[in-house]
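S.K.: generate a structure from the sequence data that follows.
(chains A and B)
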Amino acid sequence: DSGVTQTPKHLITATGQRVTLRCSPRSGDLSVYWYQQSLDQGLQFLIQYYNGEERAKGNILERFSAQQFPDLHSELNLSSLELGDSALYFCASSVGLLNTGELFFGEGSRLTVL
Amino acid sequence: GQQLNQSPQSMFIQEGEDVSMNCTSSSIFNTWLWYKQDPGEGPVLLIALYKAGELTSNGRLTAQFGITRKDSFLNISASIPSDVGIYFCAGRGQGAQKLVFGQGTRLTINP
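M.R.: All right, here's what the predicted structure looks like:
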C-alpha cells in the first residue's frame, strides 16, 4: 500500500460526458502528479501541483483540468470525453518538489469511454 | 520534448534466466529511476540512480546510470515468477519538476 488513494477505481461513461477523478496523497506529501497510461503505452505526464499551486504541465488536453485543494487532495476533471480518453489515470505524490525523484503511485482509476 | 526509448518492449523468458533491459534518452538526465508495475497496481520504485556511472543493486536487481547521462540499464538475475510485470525507466532533467517515463518492458516468465 503506497498510501495514495484514488477514487473511483473503475468508471464507465459515454462520449461527451464529464468525469472527476479524485486523489488523496500520502500523509505529509505536498506534491501531486497526474499521469495517463493508455493501452500498451507508457506513463504520460499530465500535470503537477505543489501545495495547492500548479508547478508543471505536460501534454494535458484543454478539455482536462485539475486542482489541488487546501487539504492537499487533488481532482482531475475530464470533459467532453472522447473514445481515445479511455485509459488508466494515475495519481502520484512526493514529499517535496521531487528531490529524490521517487513518486508514490496510487492504484489508478480506469476510465472507459463508450 | 524529452523522450525515453526503452527496449525491449516485451520479453518472454524461462524461470531462472537473467534479464536485461535498457533505456536511452535524447537529452541528459540527472536522475534515473526504475519502477515496476504489477497487474492492477500502480508503479513502485525499484532503484534510483543519482550520479553518472553509478551502479546500484537491490537484491537480484542491478541498475546503472550511464556515463553519458543519456542511458541506463536494469538487470535481473535468476528470474522468479514474481518478477512478472511491466518495468519502466524514468528520468528527470536538471531542475525538472516531472519524471519522464519510458514505454515499459513487459516481462513474462514461463515456469
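S.K.: check contacts around the closest residue to chain A within chain B.
M.R.: For chain B, the nearest residue to chain A under the criterion CB to the nearest CB is residue B:42, separated by 3.0 Å. In this view, the C-beta of every residue, glycine as well, is placed from N, C-alpha and C. Taking CB atoms under 8 Å, 6 or more residues apart in numbering or on different chains as the criterion, residue B:42 is in contact with A:2, A:4, A:90, A:92, A:105-108.
S.K.: so what does residue B:41 have for phi and psi?
M.R.: Note on residue B:41: backbone dihedrals following degrees, to the nearest 10 are phi -120, psi 170.
S.K.: what residues are bridge-paired with residue A:94?
M.R.: Judged by DSSP bridges, the bridge partners of residue A:94 are residue A:31.
S.K.: after the lowest-mean-pLDDT helix or strand in chain B comes which helix or strand?
M.R.: Least confident helix or strand of chain B, by mean pLDDT, DSSP states H and E, is strand B:100-101 with a mean of 91. Where DSSP states H and E defines the elements, the next helix or strand beyond strand B:100-101 is strand B:105-110.
S.K.: counting contacts, what elements does that following strand pack onto?
M.R.: Applying 3 or more CB pairs under 8 Å, 6 or more residues apart in numbering or on different chains; DSSP states H and E, we find strand B:105-110 packed against strand B:10-14, strand B:85-92.
S.K.: circling back to that earlier point, now do the least confident helix or strand of chain B: everything it contacts.
M.R.: A:35, A:42-45, B:2-4, B:25, B:35, B:88-93.
S.K.: list the neighbouring strands of that strand plus their orientation.
M.R.: According to DSSP bridges, strand B:100-101 has these partners: strand B:85-92 (antiparallel).
S.K.: contacting residues around the strand it pairs with?
M.R.: So strand B:85-92 is in contact with A:42-43, A:98, A:101, B:2, B:4, B:6, B:21-23, B:25, B:29-39, B:43, B:46, B:72, B:74, B:98-102, B:104-107, going by CB under 8 Å, 6+ apart.
S.K.: show the buried residues in these.
M.R.: With burial judged by 16 or more other CB atoms under 10 Å in any protein chain shown, the buried subset of those is A:42-43, A:98, A:101, B:4, B:6, B:21-23, B:25, B:29-37, B:43, B:46, B:72, B:74, B:98-102, B:104-107.
S.K.: just the ones of those in strands?
M.R.: Of the buried ones among the contacts of strand B:85-92, the ones assigned to strands by DSSP state E are A:43, B:4, B:6, B:21-23, B:25, B:31-37, B:46, B:72, B:74, B:100-101, B:105-107.
S.K.: which residues of chain A lie near chain B?
M.R.: A:2, A:4, A:33, A:35, A:41-45, A:48, A:50, A:55-56, A:58, A:90, A:92, A:97-98, A:100-103, A:105-108 (CB under 8 Å from any CB of the partner chain).
S.K.: got a pLDDT number for residue A:108?
M.R.: Looking at residue A:108, its pLDDT reads 96.
S.K.: just give me the neighbour total for it.
M.R.: Applying other CB atoms under 10 Å in any protein chain shown, we find 23 other residues in the vicinity of residue A:108.
S.K.: got the contact list for it?
M.R.: If you count contacts by CB under 8 Å, 6+ apart, then residue A:108 has A:6, A:9, A:37, A:88-90, B:41-42 around it.
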